[in-house]
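[1] I'll drop the sequence and a predicted model, then ask my questions.
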Amino acid sequence: MAVKVRIPTPLQKLTQGQEEVECKPNTIIKLIHELDKKFIGIGERISEAEKIRRFVNIYLSEEDVRFLKAEETEVKDGDEVSIIPVIAGG
């Protein structure tokens, strides 16, 4: 039982260059905690005070979790999660 998590390029230095890692099914926030245990420092770049950071989007099978249950969105076996940093510029 596993969930595929796609890691954006800027965070791959924390995952030893891995573009995709596996986690256990659970909720988005618990998945972030699991990632942080495996790859120290990644959690603080994705979340703060148990909330997804404003400049990070997380998608569950192409659906933005903010429009689902945000951090409490359930993740099931076989799901794919993508972490996408928001890019701003001018």
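    Yep, that arrived.

[2] in this protein, which spans are strands?
    In the chain, the segments counted as strands under DSSP state E are 3-6, 20-23, 26-27, 47-48, 51-52, 56-60, 63-64, 74-75, 80-85.

[3] how much does the last one deviate in direction from strand 56-60?
    It stands for strand 80-85. Calculated by axes from the mean of the first three to the mean of the last three Cα atoms, to 10 degrees, strand 80-85 forms an angle of 170 degrees with strand 56-60.

[4] In its sheet, which strands sit next to strand 80-85, and in what direction?
    Strand pairing for strand 80-85, using DSSP bridges, gives strand 3-6 (parallel), strand 56-60 (antiparallel).

[5] helices or strands up against the longest helix anywhere in the chain?
    Counting residues, the longest helix found in the chain (DSSP state H) is helix 28-38. Helix 28-38 sits against strand 3-6, strand 20-23, helix 42-46, with contacts defined as 3 or more Cβ pairs under 8 Å, 6 or more residues apart in numbering; DSSP states H and E. For the C-beta atoms, the positions are set from N, CA and C on the backbone; glycine is no exception.

[6] With mean pLDDT as extra columns, can I get the ones you listed in TSV?
    Output for these, formatted as TSV (pLDDT from 0 to 100):
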stretch	mean pLDDT
strand 3-6	97
strand 20-23	97
helix 42-46	96
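
[7] which of the residues in stretch 53-70 are buried?
    Judged by neighbour count using 16 or more other Cβ atoms under 10 Å, the buried positions of stretch 53-70 are 56-60, 65.
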